[in-house]
Structures are given as C-alpha cells and as structure tokens.
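S.K.: Model the following, please.
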Amino acid sequence: MAGDISGGGEWIGKLCALKKEIMLMENVNKRVTFAAGTTGAASSGFKLFTVTGTVLATVIAVCQTDVVKAGGTTLEVGTADSTAELIGQIADPDTIDAGMVVVNGDVGTEVLYSALTYRLINGSDIGYTIGGSNLNSGVIDFYCFWYPVTDGAGVVEAGVAVAL
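M.R.: All right, here's what the predicted structure looks like:
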C-alpha cells in the first residue's frame, strides 16, 4: 500500500537508495541555577545558547528545584530583539516547581505538545530575561531543539552568566 510505513522500514530503504539524507532534530541543553546576585538578578538577560547561521528552534524548560522569587518577578525566554519569543512571559515564576515543564509560558506537569512554537532565528543568541525582582533560587534545565536551515548553522550552550 502506498504511504504505508508499517512494512518493515521500506520507506527508509527508499530514502537511502535515493541517497537522501534523513535529517533529525538536534538538541542542546543548559542548566541554570538561579541566585539573586548573579544568574537570578532582576532586569537582566543572560545567554542560554549561541546561534550561528539560521536555525528553526524551540525551547522547553524542565524544573529540577523549585524557583523562588523575591517579589513581583517575570521570566521569559527569547532573543535580544524579542525576549519572550520562545517561552512567553511567566508572570509568577515561583509557580515553577520541581518536576514541572514550561512550554511557551505554560507551566505544569503536562503541557500539550501542540503548544510548541518554532521560530526561525538568524544568528541571534537565545537567552532568558528576568523582570521586576530577583529570582533567589531554583534550578531549571533549558533544552533547545533545532534544525539547521543554512549551511554551517548550529546552536551551542553559552558560557556562564553571559549577558544577552
């Protein structure tokens, strides 16, 4: 039956026989431990990932240790040009507890896969921005899933506490 992929991987054989590359999504992650005077400082933006060339990318976050804020605080993930482009502004980051995931600003133990938003990013680094008061503590693993669009494009983990 045409289009049936249940026949033992026949479709893969055709792709390989035609010498077409099977492209898989790449991923890179960065763990951030928030501290009020450094990585959790208010009104600061910090790089998570360095982008070279043009990529199609999304970011999800997985909380390892409860996030604790000092006062009215926001958290978002994006680029310097659009700071909430990948994870929309979270108005109350201390609702992010261990075991929760964050996708597009939605926080919970389960988030709909359809909520993932991919963006074309051309050489702009990806980072997080804290608005209002400090994030005093908490640990979040940020994962960037990406496809290269241009030759030589890529995403790598940025250094520690590098400004966005």
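S.K.: what pLDDT does the residue most central in space within the chain get?
M.R.: The residue lying closest to the centre of the chain (C-alpha atoms, centre = their mean) is V59, at 1.8 Å. With respect to pLDDT, V59 scores 95.
S.K.: Next, work out how far apart the closest residue to it other than its chain neighbours and V68 are.
M.R.: Distances taken as C-beta to C-beta, 6 or more residues apart in numbering put L86 closest to V59, at 4.3 Å, once the chain neighbours are dropped. (C-beta placed from N, C-alpha, C; glycine too.) Separation of L86 from V68 (C-beta to C-beta, to the nearest Å): 23 Å.
S.K.: Show me which of these two is the more surrounded one.
M.R.: L86 (30 against 17; other C-beta atoms under 10 Å).
S.K.: Can you check the pLDDT for the more buried one?
M.R.: Per-residue confidence (pLDDT) for L86: 93.
S.K.: show me the contacts for it.
M.R.: A57, T58, V59, V77, G78, T79, N104, T117, R119, I126 (C-beta atoms under 8 Å, 6 or more residues apart in numbering).
S.K.: need those residues in a markdown table with distance to D94 and secondary structure, can you?
M.R.: Below are the contacts of L86 laid out as a markdown table (distance: C-beta to C-beta, whole Å; DSSP: H, G, I helix; E, B strand; the rest coil):
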| residue | distance to D94 | secondary structure |
| --- | --- | --- |
| A57 | 27 | strand |
| T58 | 24 | strand |
| V59 | 20 | strand |
| V77 | 17 | strand |
| G78 | 21 | strand |
| T79 | 25 | strand |
| N104 | 19 | coil |
| T117 | 24 | coil |
| R119 | 27 | strand |
| I126 | 23 | strand |
